[in-house]
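Peer 1: Curious how this folds, go ahead:
(2 chains, ligands or ions: 12)
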2 protein chains.
Amino acid sequence: SSLVNKPKIKINNLEPRNEVWGINYPREYETYMETKSMDFRSKYNGSAMIDMLDEYPALVILWAGYKFSQDYNQARGHYYAVEDIRNTLRTGAPMNGKHSPMPNTCWTCKSPDVPRKMKEIGIAEFYSGHWEERGSDIINPIGCADCHDENTMKLKITRPALIEAFERQGKDITKATHQEMRTLVCAQCHVEYYFNSDKPKKGVPYLTFPWDNGTTAEEIEEYFDDINFKDYTHQLSKAPIIKAQHPGYETYTKSIHYQRGVSCADCHMPYKSEGGVKFTDHKIQSPLNNIANSCQVCHRESEEDILKSVYNNMDRVLHNRGKLEEILVKTHLEAEFAWKQGATEEQMKDVLLDIRHAQWRWDYAAAAHGAAFHAPVEILRVVGTGIEIAQEARMKIRSVLTELGYTKEIPIPDVSTKEKAQKYIGVDLPKLRAEKKLFLDTVVPKWLDEAEKRESKMPQYDQAVNAEPKSKEKEQTASMLNK
Amino acid sequence: SSLVNKPKIKINNLEPRNEVWGINYPREYETYMETKSMDFRSKYNGSAMIDMLDEYPALVILWAGYKFSQDYNQARGHYYAVEDIRNTLRTGAPMNGKHSPMPNTCWTCKSPDVPRKMKEIGIAEFYSGHWEERGSDIINPIGCADCHDENTMKLKITRPALIEAFERQGKDITKATHQEMRTLVCAQCHVEYYFNSDKPKKGVPYLTFPWDNGTTAEEIEEYFDDINFKDYTHQLSKAPIIKAQHPGYETYTKSIHYQRGVSCADCHMPYKSEGGVKFTDHKIQSPLNNIANSCQVCHRESEEDILKSVYNNMDRVLHNRGKLEEILVKTHLEAEFAWKQGATEEQMKDVLLDIRHAQWRWDYAAAAHGAAFHAPVEILRVVGTGIEIAQEARMKIRSVLTELGYTKEIPIPDVSTKEKAQKYIGVDLPKLRAEKKLFLDTVVPKWLDEAEKRESKMPQYDQAVNAEPKSKEKEQTASMLNK
Ligand code: HEC
Ligand code: HEC
Ligand code: HEC
Ligand code: HEC
Ligand code: HEC
Ligand code: HEC
Ligand code: HEC
Ligand code: HEC
Ligand code: HEC
Ligand code: HEC
Ligand SMILES: [Ca+2]
Ligand SMILES: [Ca+2]
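Peer 2: Ligands and ions are numbered 1, 2, ... in the order given. Below you'll find the model as predicted:
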C-alpha cells in the first residue's frame, strides 16, 4: 500500500542517526534496536558477551605481545559496536596527553558516522591520527547509512576498502547482483584486514583487505609474506605474527551455501511478518536463535535436527582447532626456551616462519566465530595444514636445542587459565582496568557532550521515536564497568 | 500389472546364479549385468580399473610387509568381485601343495555362493581353511541372493558378521526400517573388518566388525588397542599396524546425508524408468556417472554445479590426506633409520604406537574411496588428528636418534614411484605376476570345470537368458592377464 511506503521525512545524505531513519522505517528500526538484546547463548556463540580469553586461555599465549592478549570478547549485536570499541582494553586509556595505541582506522567498521566523516574530510585523512581524536565524531552504532542509500533504500557499499580490494582484483563491485549485495554489505566489515602504512599514503595506516592473490588462507599468507608484513613480533617465540581478523566473508565464500547462492542476509536477516507486512528482520544475530525463519525456509527438518547437524559440524571443527591451539601454545613456549638456551637468529629463522604460518592458519580458522559452521570443510582443511606446520616447527626447535647441547625434555610452564597465562606474560589486568575505568568515566562523557552539541545542529525531527538521549548511554556505559 | 509381477519360475532358496533370478526380474538383472562396464572414470574414482599403487606410490611404503604393497586396485563393478579376488597378487598362487596366504574368510564378500555354502557347512566351518579350498565353490559374483529373499524379494541381511556386530552392540538388525535396510545391505561388505582367530572359535579366522565401542576412528582404534590386535608388523618401522578396509558404512553414518535419512541405494541404486515401468537400477556404480537420476532427485542444480561441489569437498579432503600420506612415508623411513642406528625396543615403543595410530587414521580416511565425498567433515577431522600424531612420532624419532648420538639430518631414500618403492622394500613384481599367471592358467580353469559340473546338478531353466557359460569367463580371465 502506498501509505506504508510513503516516507514521512526526507532523510539527509549519509544521515548517521538510526532513529531518524526509524521515522520512515519503524519495523526495520525496531528490529535493529533488538540487537541490544544479550540474552541468547548457543553452544559456542550468541548475543551474550563471552570473555574469549577466559573460555580459551590458550589465546593469551598465542597473542602474547599483542593487545588481544589483554582483552577479547565474542561479538555482541551491532548496537554495541561503538560502546565496545571504547570499552575494550585494546584501545587503551588515552588521557592527559597519552595517546591510544590504536589509530583512527579502528573506527572504520563501527558506525555510520564513518562515511559521513570520510565524505567531510577524505578517506586517508579519516584514517590518519590517533584513535581518541574521533571520539566525539563516531557516536552512532552500525546502522542504516552503513548499508543503505537514503533515497532509494537500495543496498550500498559505503566502505572504500571493499571497493578498492575489488578494483585491485580487476572486479567492479557496482556490477554485483542484488543477491550478491546481500552478502557484500557484510563484507565491508566481516573480513580480514590490515593497516598499510606504505600505500597508498606513506605514514597513514590505510585500511586494506589482503585479497590480491585470492582469499584462501594460503593466498592471503602469500600476500603477507611477499610484502613482509607482520602485525607484531611474538613476545615469547619472537615469531613475526600475522593476526587474522574475522575473515567471515573470505571463509564463507568457500562453502556449499555460498556455492548455492545463499547470502549472509538469508540466514542473519530473514524475512519477518508483522500485521500482514513482510519485511527484513534487522535483528542481526546468531540464526540459531531464529531457526524457524532462517534455516527452515530452505530446510524442512525439525529445529532439533537442524541444530544437531550444525553442532555435528562445529564440534568436529573445534575439536581439531583446539588441538592446533594446544600445539601452538607449546610451540611458542618451546621457542622461548630455545632463545633462553642461547639460540641464534640464524638457527631460529625457519622455526619462526613455521610459527607464523601455523598461527595464521589457526587464526584464519578461528577469528570469524561462524566459520566452523559456515565452511567446515575448508576450515578443517586449513586447520590440518596448520597442525602439520606447527609440529614441523617443534621438530626444528628440538634440532636447534640439540645443536645447543640441550637434549632433555623442554620444561613447559603452567598457563592453563587466563589468570596464569596473563601473569606469565606480564599482563597487569587490574591496572589496565583501572586506567580504562578512569578514561570511560572522564573522557567518554565529554565525547558524548560534544557529540550531542554537534548533532543538535543537524536537522531535527520530533518523530524520532525511541531515540535515546546520549545521557542514557552514559548511564549504561557506567553500569557496564561494574560488571 | 499382474502379468509383470507374476514370477515365471520358482527360485530356490539361496539360489546363487544371478541369471536364474534374471528370468523373473529381467530389468534388475540386465542393469546388474551392466556393472561389467569399465568405461567411466571420474576425477578420483569410477568403474575403470585404477592401479592405486601407481597412482599413489606412497601406499607401497605404508603397506610394506603386507601384501597390499604388491597389488591394490580401485574397485570395479560387482560383476568382477570373484574374478578380482582370483586375480589379485594378494591371494597368491596356491598350487602344487603351496597354500594361499589368505583364509577362506576372504571369499565372504564376493559372492552369493557364500550364504549357500554357509548354510550347507556352517559359519565357522566356512571361514576355516585356506582360500584355495573354496575356489570351485565360490563362482557367481555378488548378486541377488546377497541382498534379497527369494520368496518375498524383500531386502535381507545374509552375512552373519553384520548381524553379530549389531547384537554385540545390543541392537537387533531385524528391527531395521525399510529405508535403513537400503543402507544395511551394503553394510554387509562395505565395512572395516578383521579376522578374529580367538573368538568365537580358537584357530578360525572369524570375520568380525570391530564396532563394540562405536564406529568412529577413535572408537575402533580403542577396540583394537584393547585386544592388542595388529594386521601386520611394518617391514620398515616395525610398527604394529591396523589395516583399515573400506569403512564405507562407518564413515557414511557420520555424514549430513545419513543424518537426513538418505540411504546408499538412494544414490547408488536410483530408480529408473523403462517402457513405463519404474524399477531400481542395479547398475551399482559411481553416482557421478548418473547425476540426473541420483543427485538431481533431491538437488535442483545443474550437473555441472553438482559436480563442482562434489570436487570442492573431495579436493580439500584429498589435499590433507595426501599430506598425511607424505608424512607417514617419512615416518616409516625415519623409524627404519633409527633401528639401523641401534635403537632399542624400549626407545621405540612410543614411536611405534604413534605410527600405528596415525596410519590407522589415514587408512580409515582413505580405504573407502567414497568417504571424501560421503563425510568430508568427519574425514578431515580424522586426517587432522593423524597429522598431529604422525608428526609427534617424528619428533620422538629425533629424540631417540639424539640419545643414540645421531644429530644430523635423516637420509630419506627415493621412493617416489611404484617401481622405486617396491624395489626398496623388495617386492619382485615380475616373479609374483608370473606365478599368478600360471595359477590362473592352470588352477582356475579346473575350478570352473568343477563348478560347472556342480551347478549342472542344480535346477536348470531354459529361460536363463544372457547367462554366460563358464567357458566364456575363462577367455575373459585370460585376456585380463595380458593387460
Ligand atoms: C559497518 C560494519 C559492519 C557491517 C556493515 C556489518 N557488521 Fe556485523 N558486526 C560488526 C561489528 C563491529 C560487530 C561486533 C559488535 C560488538 O560486539 O560490539 C558485528 C557483529 C555481528 C554479529 C554478532 C551478533 C551477536 O549477537 O553476537 C553478527 C551475527 C553479524 N555482525 C552479522 C552481520 C551481517 C550478516 C551483516 C550484513 C548483513 C553485517 N554483520 C554487517 C560490523 C559490521
Ligand atoms: C574491516 C572492519 C573492521 C576494522 C577495520 C576493525 N574492526 Fe573491530 N570488529 C569488526 C567486526 C566484523 C567485528 C565482529 C567480529 C566478531 O564476530 O567477533 C568487530 C569486533 C570488535 C570488537 C568487539 C569484540 C572484541 O573483539 O572484543 C572490538 C572491541 C573491536 N572490534 C575493536 C576494534 C579495534 C580496536 C580496531 C582497530 C585495531 C578494529 N576493531 C578494527 C570489524 C572491524
Ligand atoms: C548490515 C547491513 C544493514 C543495516 C545496518 C541496515 N540494513 Fe536495512 N536492509 C539490509 C538488507 C540486506 C536488506 C534486504 C535488502 C534486499 O534484499 O532487498 C535491508 C532492507 C531494508 C529495507 C527494505 C524493506 C525490507 O524490510 O526488506 C528497509 C526499509 C531498511 N532495510 C531499512 C533500514 C533501516 C531503517 C536501518 C537502520 C535502522 C537499516 N535498514 C540498517 C541491510 C542493512
Ligand atoms: C536460502 C536457502 C538456505 C538457507 C536460508 C539455509 N540453507 Fe542450509 N543449505 C542450503 C543448500 C542449497 C544447501 C546445499 C545442499 C543442497 O543443495 O541441498 C544447504 C546445506 C546445508 C547443510 C549441509 C552442508 C554442511 O555444511 O554440512 C547444513 C548442515 C545446513 N544447510 C544447515 C543450515 C542452517 C543451520 C541454516 C540456518 C542457519 C541454513 N542451512 C540456512 C540452503 C539454505
Ligand atoms: C546458511 C546460513 C548462514 C549464512 C549464509 C551465513 N551465516 Fe553466519 N552464522 C550462521 C550460523 C548457523 C552461525 C553460528 C551461530 C552460533 O554458533 O550461534 C553463524 C555465525 C555467524 C557469526 C557469529 C555470531 C555470533 O553469535 O557471534 C557471524 C559474525 C556471522 N555468522 C556472520 C556472517 C556473515 C558476514 C555471512 C556472510 C559472509 C554469514 N554469516 C553467512 C549461519 C549463516
Ligand atoms: C556381498 C558383498 C557386497 C555387497 C552386499 C555390496 N557390495 Fe559393493 N562391492 C563389493 C565388492 C567386493 C566390490 C569390488 C568389486 C571388484 O572390484 O572386483 C564392490 C564394489 C562397489 C562399488 C564400486 C563400483 C565401481 O564401478 O567402481 C560400488 C559403488 C559399490 N560396491 C556400492 C555398493 C552399494 C551401494 C551396495 C548396497 C546397495 C553394495 N555395494 C553392496 C562388495 C559388496
Ligand atoms: C567384509 C567384507 C569383505 C571381506 C571380508 C573382504 N573383502 Fe575384498 N572387498 C570388499 C569390498 C566392499 C570391496 C570394494 C572396496 C572398494 O571400494 O575399493 C572389496 C574389494 C576387493 C578387491 C578388488 C580391489 C582391490 O582391493 O584390489 C579384491 C582383490 C579383494 N577385495 C580381495 C579380498 C581379499 C584377498 C580378502 C581377504 C583378505 C577380502 N577381499 C576380504 C569387501 C570385503
Ligand atoms: C547389493 C544389493 C543388491 C543386489 C546384489 C541386488 N539387489 Fe535387487 N534391490 C536392492 C535394493 C536396495 C532394492 C530396492 C529395494 C527397496 O527399496 O524396496 C532392490 C530392488 C529389487 C527389486 C524390486 C523391484 C525394483 O526394481 O525396485 C527386484 C525385483 C530386485 N531388486 C531384483 C534383483 C535381482 C534379480 C538381482 C540380481 C541380478 C538383484 N536384485 C541384486 C539391492 C540389491
Ligand atoms: C534422497 C535425497 C538426496 C539425494 C539422492 C542426494 N542428496 Fe545431497 N543432500 C541431501 C540433503 C537432505 C542434504 C543436506 C542439506 C539439506 O538439508 O538440504 C544434502 C547435502 C548435500 C551437499 C552439501 C553437504 C556436503 O557434504 O557438502 C552436497 C554437496 C550434496 N548433497 C551433493 C549430492 C550429490 C553429488 C548427490 C548424488 C551423488 C546427492 N547429493 C544425492 C539430499 C540428497
Ligand atoms: C548422497 C549420495 C551418496 C550416498 C548416500 C552414498 N554414496 Fe557412495 N558415493 C557417492 C559419490 C558422489 C561418490 C564418489 C564417486 C566418484 O568419485 O566417482 C561415491 C563413491 C562410492 C564408492 C566408490 C566408487 C568407485 O567408483 O569406486 C563406493 C564403494 C561407495 N560410494 C559406496 C557407498 C556405500 C556403501 C554407501 C552407504 C553406506 C554410500 N556409498 C552412500 C554418493 C553417495
Ligand atoms: Ca556473539
Ligand atoms: Ca571404482
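
Peer 1: What is the burial count for A:Ala367?
Peer 2: A:Ala367: 18 surrounding residues under other Cβ atoms under 10 Å in any protein chain shown. Placement of C-beta: from N, CA and C, glycine included.

Peer 1: cool, the one 3 residues further on as well?
Peer 2: Neighbour count for A:Gly370, taken as other Cβ under 10 Å: 21.

Peer 1: Next, the contact list for the nearest residue to it once chain neighbours are set aside, please.
Peer 2: In space, and not counting its chain neighbours, A:Gly370 is closest to A:Gly248: 6.3 Å by Cβ to Cβ, 6 or more residues apart in numbering or on different chains. Counting by Cβ atoms under 8 Å, 6 or more residues apart in numbering or on different chains, A:Gly248 touches A:Cys186, A:Ala187, A:His190, A:Val191, A:Ala368, A:Gly370, A:Ala371, A:His374.

Peer 1: how about the helix or strand where A:Val329 lies against ligand 4, any contact?
Peer 2: In this assignment (DSSP states H and E), A:Val329 forms part of helix A:303-340. Yes. Helix A:303-340 lies within reach of ligand 4 by Cβ under 6 Å from any ligand atom, at A:Ile306, A:Ser309, A:Val310, A:Asn313.

Peer 1: what's the closest of the contacts of A:Gly248 to B:Glu218?
Peer 2: Minimum distance to B:Glu218 across the contacts of A:Gly248 is 24.1 Å, recorded for A:Ala371 (Cβ to Cβ).

Peer 1: Spell out whether stretch A:88-99 and ligand 1 are in contact.
Peer 2: No. For stretch A:88-99, no contact with ligand 1 is found by Cβ under 6 Å from any ligand atom; the gap never falls below 8.9 Å.

Peer 1: what's the distance between that stretch and the middle of its chain?
Peer 2: Between the centre of stretch A:88-99 and the centre of its host chain there is 20 Å, according to Cα atoms, centre = their mean, to the nearest Å.

Peer 1: cool, and stretch A:361-378?
Peer 2: With Cα atoms, centre = their mean, you get 13 Å for stretch A:361-378.

Peer 1: and if you look at stretch A:48-60?
Peer 2: So, by Cα atoms, centre = their mean, the centroid of stretch A:48-60 is 15 Å from its chain's centroid.

Peer 1: Does it reach ligand 5?
Peer 2: No. In terms of Cβ under 6 Å from any ligand atom, no part of stretch A:48-60 sits within range of ligand 5; the closest distance is 8.3 Å.

Peer 1: now the end-to-end length of that stretch.
Peer 2: 21 Å (Cα to Cα, to the nearest Å).

Peer 1: what about it, near chain B?
Peer 2: No. Stretch A:48-60 stays clear of chain B (Cβ under 8 Å from any Cβ of the partner chain), getting no nearer than 15.2 Å.

Peer 1: mind listing what's buried in that stretch?
Peer 2: A:Met49, A:Ile50, A:Met52, A:Leu53, A:Tyr56, A:Pro57, A:Ala58, A:Leu59, A:Val60 (16 or more other Cβ atoms under 10 Å in any protein chain shown).

Peer 1: again with stretch A:397-404
Peer 2: By neighbour count with 16+ other Cβ under 10 Å, stretch A:397-404 contains the buried residues A:Ile397, A:Arg398, A:Ser399, A:Val400, A:Leu401, A:Thr402.

Peer 1: cool, and stretch A:339-356?
Peer 2: Within stretch A:339-356, judged by 16+ other Cβ under 10 Å, the buried ones are A:Trp339, A:Ala343, A:Gln347, A:Met348, A:Val351, A:Leu352, A:Leu353, A:Asp354, A:Ile355, A:Arg356.

Peer 1: In CSV: those, plus secondary structure and distance to ligand 11.
Peer 2: Formatted as CSV, the buried residues of stretch A:339-356 follow (DSSP: H, G, I helix; E, B strand; the rest coil; distance: Cβ to the ion, whole Å):
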residue, secondary structure, distance to ligand 11
A:Trp339, helix, 37
A:Ala343, coil, 41
A:Gln347, helix, 42
A:Met348, helix, 38
A:Val351, helix, 35
A:Leu352, helix, 33
A:Leu353, helix, 34
A:Asp354, helix, 32
A:Ile355, helix, 29
A:Arg356, helix, 28
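
Peer 1: between those, which is closest to chain B?
Peer 2: Minimum distance to chain B across these is 11.5 Å, recorded for A:Asp354 (Cβ to the nearest Cβ).

Peer 1: I'd guessed A:Pro376 sits against A:Asn313; true?
Peer 2: Yes. A:Pro376 is within contact range of A:Asn313, at 4.2 Å (criterion: Cβ atoms under 8 Å).

Peer 1: shared neighbours, the two?
Peer 2: Joint contacts of A:Pro376 and A:Asn313 (Cβ under 8 Å, 6+ apart) are B:Val377.

Peer 1: out of those two, which sits in the busier spot?
Peer 2: A:Pro376 (26 against 21).

Peer 1: Quick check: that one vs A:Cys298, distance?
Peer 2: From A:Pro376 across to A:Cys298, the span is 18 Å (Cβ to Cβ, to the nearest Å).

Peer 1: now A:Asn73, which residues is it bridged with?
Peer 2: In this structure, A:Asn73 bridges to A:Asp51 when assessed by DSSP bridges.

Peer 1: Contacts only, for it.
Peer 2: A:Asn73 neighbours (Cβ under 8 Å, 6+ apart): A:Met49, A:Ile50, A:Asp51, A:Met52, A:Asp84, A:Thr88.

Peer 1: other SSEs contacting the helix holding A:Val329?
Peer 2: Judged by 3 or more Cβ pairs under 8 Å, 6 or more residues apart in numbering or on different chains; DSSP states H and E, helix A:303-340 is in contact with helix A:58-62, helix A:345-366, helix A:371-374, helix A:376-403, helix B:256-259, helix B:376-403.
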